[in-house]
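> coordinates only, no sequence provided:
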């Protein structure tokens, strides 16, 4: 009778969780009664104990705070896990945070079925693994496609959403240890006393999960919020204002992480407004934060509408300042020199600043990869960047190694990711986009993990049914293949061969290579980037053109400079090639462009079909949600192909080869179509198709 | 100098004709100075002379009115053509009309390059070859997709559009000898004195081209127009009213052809309103027309919302009346028993009425085949019907032979086609739809012509450049293949396997198998026809069902009655089959349905591609117009496939096989989509796709 009751209870408990994606990759299957012992008493250790007690299915576990040579070497976030599932496991670390990370690692190990014996020792490759929220105080999210901002500013600090802790837990489970709460296009208001109280409420929730809170600041805050006549960073009163403001913050949030700054970029204020340099501005803030061990993350995303190639400007601006920054300043550099395109070469700033800490900024939210509608697993994109060889200190000077402290001694190493998180039940808008949040955390912890490793782990945790081995045998290889091919598919139907930034103005969802707004900044117009004309296509950044190649180190510089040696998947980034240029396939550039877009459509169809084939192995709820997104993605792929080919054909004056599927759209219709999406709204993508 | 002037003039003259399709198949290339002699002096002979003088490029021509044994055998429309392009040609006929037809035949022969020696003798298979215009007096056209009605009623009889004669000439060139000017849903007003004057003006223009004018009449005209208390056909006053009305017409139009009547059908009045039979009604009109040699074409398109299968009702209504009709009555029967579907079995009325003249009614306008947006060459559809064996008088009793007078002696033989003509510059809305007008005329003249013969002729005349043999060598086989496959493609992506009438209510353009209007006539609802349920799909018209098969003659009846012997391309017309029924391919019915719809989409893409491949051989103007239509057709094919499969899947509860392209639409979106097309408007098909 008791057993029957238990079974009934279990069924009930099991059914509490709808498969709506809200549980993310945290679908552990424990019985809630594992034996866990520890002498550690802190809040973080308590979480580790609770997680293991509820989720662990093996023999007893001991959690040790240990200051041994081994644990010291692993730092205060590393951990050792030793033992056997059947006889008992111990997790050791020099800190409670290490124990928590070890606990999550052990649970991953359990769920992914890696055997009975465990012997893991791990420590992070990047010290700071930070999410950037581009969340505005009105709860809109710039480039957010998963609902509103999680932060209910209007109710904080009194009302605490249970999602705050769920958010912290999810981040902790993938070793993310910092979060910037607000948009880099920052409102001065975030530093008001009222808002600092609200931030404190969140920081208090995040702290036990090992997550530090950071804020993006507006450089004009002393004037706009403080009422000073200037925000000149060399002005004494300004310095004092910041000093006091920092003090005020740390009084409430003693482990506050520091500031993220977008300055003199896209119209935002900055030190140059007062004739000062980025170093002057960053150092002034760094000095204020220094006593509290706070840091400044200063973004290198700066460019102006001059005659100079936009792709060159960040390098030109920042390399002369190398050596001038305080040691608690990190220059935060987007992976590519332009702006999170589906494919870019890496930014030449990586490795070029030899006396300054530089951190990669990756975009988890899919601003340029189909929002939360298209499936695009981004670990492949990020690894492409991290594994790129800068040659700055000889062969092997990969982007990862010039930023993680391996090559350049630097006080801090860090990686930032702009989140895709919002109030949607599934957190990220698209069920499969959760993998990008997951992959960001895992790569920041260990950039040597492969996209395959990460996605297989994520699939098992997110879709796996541990009691049904048949499921993961069927699901994993197929879904993994789909995910690993997904970003390349998006590149192929959107902007193959190095094409970039030919998106619709402003919202960056669909194609608009024809976009031309009279009086607009030329470097915000697609024509600036594709340079289509009767002579050919592409942006000449070779030594005969803008010479952006010169910002790269030899031998890469020379390789990129010649069309014959420049990789074809990025060739139109660096070269303006004639329409009849012979590609490696033997086809002309025009034909290759046509065949490539067509292949992109076929790839989108293959992704869609691959997902459909998974129906038997995925719960109906998530299956259908993703299925409906793939329908739109497939149609969008055709839209991209038709729009781009029909537009470029106006310049190439060449026929679309009969070997490919014919366009089904009219260029003039596509040109006149306007999607009603603002920068910050959750897009109703279906407006594209009224049936 | 003179030569130069001549060349300049020639260039100018050549450029007068834009290739906008307005010239139809009448793009003869003569020099305007052929030598033509004849003793005939009538208006019709004059036209023959003019056409030949302007277009003929060979040696002199003689036109002879001859009452020889040979010409008498050919009747008053037949002709003999003999001679040699280099030495001279003679055309002989017992009538001027025969000379005119001979002239057009000779020009076709010239343009299609059939050699130098000519020896042709021809006479028509159907005596009456009649266009039916469904044109309303307000110039809208029911099921018209090529603009407004040609007939400018408001300006007639005083203003005469030059298009009236162009229309007559085009019809004469393909031997069409009659036209019903107005919609069968007829307004009584057409018989008012005012309108008869207008009709006379048109008849006067058509007469020299050998075209008789007919009118569709409203059976209630005596009451509604004449003010009588009844329109009972046995009422003396009613009879007198009609007698006088006919007299009034013939006074102005001495060769008036007669009446077309839609009675007791879809709410229109008829003899049954007064307890009389169709025969009573038809005979009353026939008696009035008889003195003038006028005829009555009485439509068999009758059905009522009873429990009886709609497909059976015309047969049930009319076969008991066999033998009761006057000899100047012809029963006009649609090719299929329901209503001009993309594919139907032939109507069982053909051959079943053994003592009554029966004429096929074909639909040239594409009410159910994609309007003037989809390409569908209908000669294949019509030939499928005409060649169908009714077995009514043994094997070989094809629909053609039981209606053309070969098997049943009957005073008149006739074929009607509902036109696709309107005010559009290209006449038919779609350049390729001109082929259907052309093919109707050619088949009515000689139903033994093959669709291939006709389309090759049409292509050469319509797109050919006689001085450029390379063109026709490249164009003809490819375009001919496209045309010949086009109707089957439409069937395949719209309603394969015998599915029928699952169109959107009212406008009949897109798919709406789910359509269900509370309180609507059940036999106007798609569900009436597809009968999808958990058990299967299709309308059981076998001996176990509605027994519509019983209306066919053995051995066809037995063949259709069993799923194993019923042709699969019509199987769901006659059978309700379980979803797991094994088709000849070995697939289940459900899978076969899926694969077939998918093949339809591929066929649409192939048509589109085939057209694109013709770009080098077609003038840019017509090429682009047709190209843009194929884009919509391809997208529509996907719409059809997705809509039908996703809807039927709700019944089959079976997965869409992974071997086919995935649906890209959501069923609920498709269900909620409403096209804004009325019955009579020219549709803006692009409303489907806002980009």
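Great, that's in hand. Computed from a prediction, not measured in an experiment: that's the story for all the values here.

> which residues sit in contact with residue A:594?
A:645, A:656, A:657, A:660 (Cβ atoms under 8 Å, 6 or more residues apart in numbering or on different chains). C-betas here are computed from N, CA, C, even on glycine.

> now do residue A:220
Applying Cβ under 8 Å, 6+ apart, one finds that residue A:220 lies in contact with A:188, A:231, A:269.

> residue A:459 belongs to a helix?
Yes: checked against DSSP: H, G, I helix; E, B strand; the rest coil, residue A:459 lies within a helix.

> is it true that it touches residue A:478?
No: Residue A:459 is not in contact with residue A:478 according to Cβ atoms under 8 Å; the separation is 9.5 Å.

> of the two, which one has the most company?
Legend: neighbour count by other Cβ atoms under 10 Å in any protein chain shown for residue A:459 and residue A:478, higher for residue A:459 (23 against 15).

> state the distance from the more buried one to residue A:417.
Residue A:459 sits 20 Å away from residue A:417, going by Cβ to Cβ, to the nearest Å.

> where do the helices sit along the stretch 151-300 of chain A?
Assignment of helices within the stretch 151-300 of chain A using DSSP state H, counting those that start in this stretch yields the ranges A:162-173, A:193-206, A:221-224, A:236-252, A:278-289.

> got the angle between the first one and helix A:193-206?
In other words, helix A:162-173. In terms of direction (axes from the mean of the first three to the mean of the last three Cα atoms, to 10 degrees), helix A:162-173 departs from helix A:193-206 by 50 degrees.

> please point out which parts of helix A:162-173 sit buried.
Applying a neighbour-count criterion of 16 or more other Cβ atoms under 10 Å in any protein chain shown, one finds A:163, A:164, A:166, A:167, A:168, A:169, A:170, A:171, A:172, A:173 buried in helix A:162-173.

> tell me the gap between that helix and the middle of its chain.
On the basis of Cα atoms, centre = their mean, to the nearest Å, helix A:162-173 is displaced by 18 Å from the centre of the chain it belongs to.

> can you tell me which helices and strands that helix packs against?
helix A:96-111, helix A:193-206, helix A:434-445 (3 or more Cβ pairs under 8 Å, 6 or more residues apart in numbering or on different chains; DSSP states H and E).

> which residues does residue A:209 contact?
Contacts for residue A:209 were tallied using Cβ under 8 Å, 6+ apart; they are A:44, A:47, A:100, A:165, A:168, A:169, A:171, A:172.

> hey, what's residue A:180 bridged with?
Listed beta-bridge partners, residue A:180: residue A:132, residue A:214 (assigned using DSSP bridges).

> could you pull out the buried residues of stretch A:399-406?
Along stretch A:399-406, the positions that meet the burial threshold by neighbour count (16+ other Cβ under 10 Å) are A:399, A:400, A:401, A:402, A:403, A:404, A:405.

> let me know the average pLDDT across that stretch.
The predicted model assigns stretch A:399-406 a mean pLDDT of 97.

> tell me the gap between that stretch and the middle of its chain.
Once both centres are worked out by Cα atoms, centre = their mean, stretch A:399-406 turns out to sit 18 Å from its chain's centre.

> ok, which stretches of the stretch 251-400 of chain A are strands?
According to DSSP state E, counting those that start in this stretch, the stretch 251-400 of chain A carries its strands in the segments A:258-261, A:295-299, A:329-334, A:357-363.

> can I get the helices of the stretch 151-300 of chain A in JSON lines with mean pLDDT?
Shown next, in JSON lines, are the helices of the stretch 151-300 of chain A (pLDDT from 0 to 100):
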{"stretch": "helix A:162-173", "mean pLDDT": "98"}
{"stretch": "helix A:193-206", "mean pLDDT": "98"}
{"stretch": "helix A:221-224", "mean pLDDT": "98"}
{"stretch": "helix A:236-252", "mean pLDDT": "98"}
{"stretch": "helix A:278-289", "mean pLDDT": "98"}
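
> most tightly packed of these?
Most buried of the helices of the stretch 151-300 of chain A by mean neighbour count (mean count of other Cβ atoms under 10 Å in any protein chain shown) is helix A:278-289; its value is a mean of 24.

> residue closest to the middle of chain A?
Ranked by distance to the mean C-alpha position of chain A (Cα atoms, centre = their mean), the top residue is residue A:364 at 2.6 Å.

> and it, what's its pLDDT?
Per the predicted model, pLDDT is 98 at residue A:364.

> A strand includes residue A:118, no?
Yes: when the secondary structure is assigned by three-state DSSP, residue A:118 falls within a strand.

> for it, list each beta-bridge partner.
Going by DSSP bridges, residue A:118 is paired in beta bridges with residue A:83.

> number of nearby residues for it?
In terms of burial, residue A:118 registers 19 neighbours under the definition other Cβ under 10 Å.
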